[in-house]
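**Student:** Provided below are the primary sequence and the corresponding predicted coordinates.
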Amino acid sequence: MSDSLNQPIRPRRLRASAGIRAMLSETVVEPRHLIQPLFVTEGEQAEPIASLTGISRIPLAQLAAKCAELQLLGVQGVALFPKIDPKRKTAEGAEALNPNNLALRAIREVKSKCPGIVVFADIALDPYTTHGHDGILNEAGTDVDNDETVAALVKMALFTAQAGADFVAPSDMMDGRVGAIRTALDASGHTGTGILAYSAKYASAFYGPFRDAVGSARKPGEAAISKASYQMNPANRREALREAALDAAEGADLLLVKPAGAYLDIIRDLREASDLPLAAYQVSGEYAQLQAAAEKGWLDLRSARDESLLAIRRAGADVILTYFAEAYARDYARRA
């Protein structure tokens, strides 16, 4: 065939076969790059979550077995989120400081029976408060009191470290909480407990199914609450760099961007600005929208799932919290 274009440089030569494409692939997603969020319940039966197709709240008695199963698939980390009995919720979230609460029992259960799995424990008050905010409200009830909330989060982190979590993960976005937690952990002898800081957590519309899962969603007829005074403005990019730099300076071991798919630019910015490991959270709304489109027959779920995870890794995330972790790992094992 003649070179009618007189074109010596043809990039398509590097995409000509499956072998060439595989050999030159710049980014990979393997199960070891994924962290599976798990919702835990006091109940005896798994509780399917209607807004998260394929995801259920797991009974405490079955949690360690699920973690062992994930580890066999190559998923090395889980993020635990409790579904608290509404009767135990208070305005101050006092159940978070109960040394025998569901979250702490879940950590102890997992680490005693599946010690090799890496446990990330959420540090925030929204599963425990009647109002659904991530902290303790001020006297007027108009906003979250930053410093009072940080004091509670420090106590929560200490209980969590004592229970055996590998990483505490403050997701609240209070000022100064990473430094306060690091100081308290070190002073109490928990120098080996890491901090996964939710450094750039945006006030996003993509969190709805998660709030259903942990029972913090607003009931029908209740006014929506705004977390805009502590979670970040989706319009802001430079602010993420400042937040991440503060968390790093205060002792964070990993930084996290949440959500992931709509914030790939932020992931890239933080990857270029910091040498710390970087996580991204593909949140419940991102998962749900792909599931919903696939159920309508509008896209191929596996292909869209894999592309979305690849994009997050390509942007610079070292690890991804995703509800697809288990399903992706199963498909990965079949391809291997």
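**Tutor:** Thanks, I have it. Since we're looking at a predicted model, the values are computed, not measured.
**Student:** for residue 264, which non-adjacent residue is closest in space?
**Tutor:** residue 315 (4.2 Å; CB to CB, 6 or more residues apart in numbering). For every residue, glycine as well, the C-beta is placed using N, CA and C.
**Student:** cool, and residue 318?
**Tutor:** Using CB to CB, 6+ apart, the closest residue to residue 318 is residue 277 (4.7 Å).
**Student:** quick one: the helices in the protein?
**Tutor:** With DSSP state H, the ranges of helices along the chain come out as 18-23, 60-72, 102-113, 146-163, 177-187, 208-214, 238-250, 264-273, 284-295, 301-315, 325-335.
**Student:** pLDDT on the fourth one, on average?
**Tutor:** For helix 146-163, the per-residue pLDDT values average out at 98.
**Student:** buried set for it?
**Tutor:** Across helix 146-163, burial judged by 16 or more other CB atoms under 10 Å covers 146, 149-150, 152-154, 156-163.
**Student:** packing partners for it?
**Tutor:** helix 102-113, strand 118-123, strand 167-170, helix 177-187 (3 or more CB pairs under 8 Å, 6 or more residues apart in numbering; DSSP states H and E).
**Student:** tilt between it and helix 102-113?
**Tutor:** 30 degrees (axes from the mean of the first three to the mean of the last three CA atoms, to 10 degrees).
**Student:** how about the helices and strands packed on helix 146-163 in CSV, adding mean pLDDT?
**Tutor:** Formatted as CSV, these follow (pLDDT from 0 to 100):
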stretch, mean pLDDT
helix 102-113, 98
strand 118-123, 98
strand 167-170, 98
helix 177-187, 98
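**Student:** select, out of those, the one closest to residue 301.
**Tutor:** strand 118-123 (25.9 Å; CB to CB).
**Student:** which residues touch that closest one?
**Tutor:** 35, 76-81, 103, 107, 110-111, 153, 156-157, 160, 163-172, 177, 181, 196, 321 (CB atoms under 8 Å, 6 or more residues apart in numbering).
**Student:** buried set for stretch 276-289?
**Tutor:** For stretch 276-289, burial by neighbour count (16+ other CB under 10 Å) applies to 276, 278, 279, 280, 281, 282, 283, 284, 285, 286, 287, 288.
**Student:** no no, stretch 184-201
**Tutor:** Buried-residue list, stretch 184-201, by 16+ other CB under 10 Å: 184, 185, 190, 193, 194, 195, 196, 197, 198, 199, 200, 201.
**Student:** ditto for stretch 59-73
**Tutor:** Buried, per 16+ other CB under 10 Å, within stretch 59-73: 59, 60, 62, 63, 64, 66, 67, 70, 71, 73.
**Student:** from residue 65, how far off is the first one?
**Tutor:** If you measure residue 59 against residue 65 using CB to CB, to the nearest Å, the figure is 10 Å.
**Student:** circling back: can you tell me which of the buried residues of stretch 276-289 is nearest residue 269?
**Tutor:** Using CB to CB, these come closest to residue 269 at residue 278, 10.3 Å.
**Student:** bridging across strands, which residues link to the closest one?
**Tutor:** residue 255 (DSSP bridges).
**Student:** and it, what does it touch?
**Tutor:** Taking CB under 8 Å, 6+ apart, we find residue 278 in contact with 254, 255, 256, 257, 267, 270, 271, 316, 317, 318, 319.
**Student:** what's the spacing between it and residue 9?
**Tutor:** Using CB to CB, residue 278 is found at 34 Å from residue 9.
**Student:** then residue 15?
**Tutor:** From residue 15 to residue 9 the distance is 14 Å (CB to CB).
**Student:** neighbour-wise, which of those two wins?
**Tutor:** More crowded of residue 15 and residue 9, by other CB atoms under 10 Å: residue 15, with 11 against 5.
**Student:** how about that one, what does it touch?
**Tutor:** residue 21.
**Student:** for it, give me the pLDDT.
**Tutor:** For residue 15, pLDDT reads 95.
**Student:** quickly note the distance from it to residue 38.
**Tutor:** As for residue 15, its distance to residue 38 is 39 Å (criterion: CB to CB).
**Student:** residue 269 and residue 237 touch, don't they?
**Tutor:** Yes - with contacts counted by CB atoms under 8 Å, residue 269 reaches residue 237, the gap being 6.7 Å.
**Student:** of those two, which one has the most company?
**Tutor:** Neighbours were tallied for residue 269 and for residue 237 using other CB under 10 Å; the higher tally belongs to residue 269 (20 against 14).
**Student:** in TSV, list the helices and strands packed on helix 146-163 along with distance to residue 86.
**Tutor:** Rendered in TSV, the data for the helices and strands packed on helix 146-163 read as follows (distance: least, CB to CB, whole Å):
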stretch	distance to residue 86
helix 102-113	13
strand 118-123	18
strand 167-170	24
helix 177-187	26
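**Student:** please identify the most buried of these.
**Tutor:** Counting by mean count of other CB atoms under 10 Å, strand 167-170 has the highest mean neighbour count of the helices and strands packed on helix 146-163, with a mean of 26.
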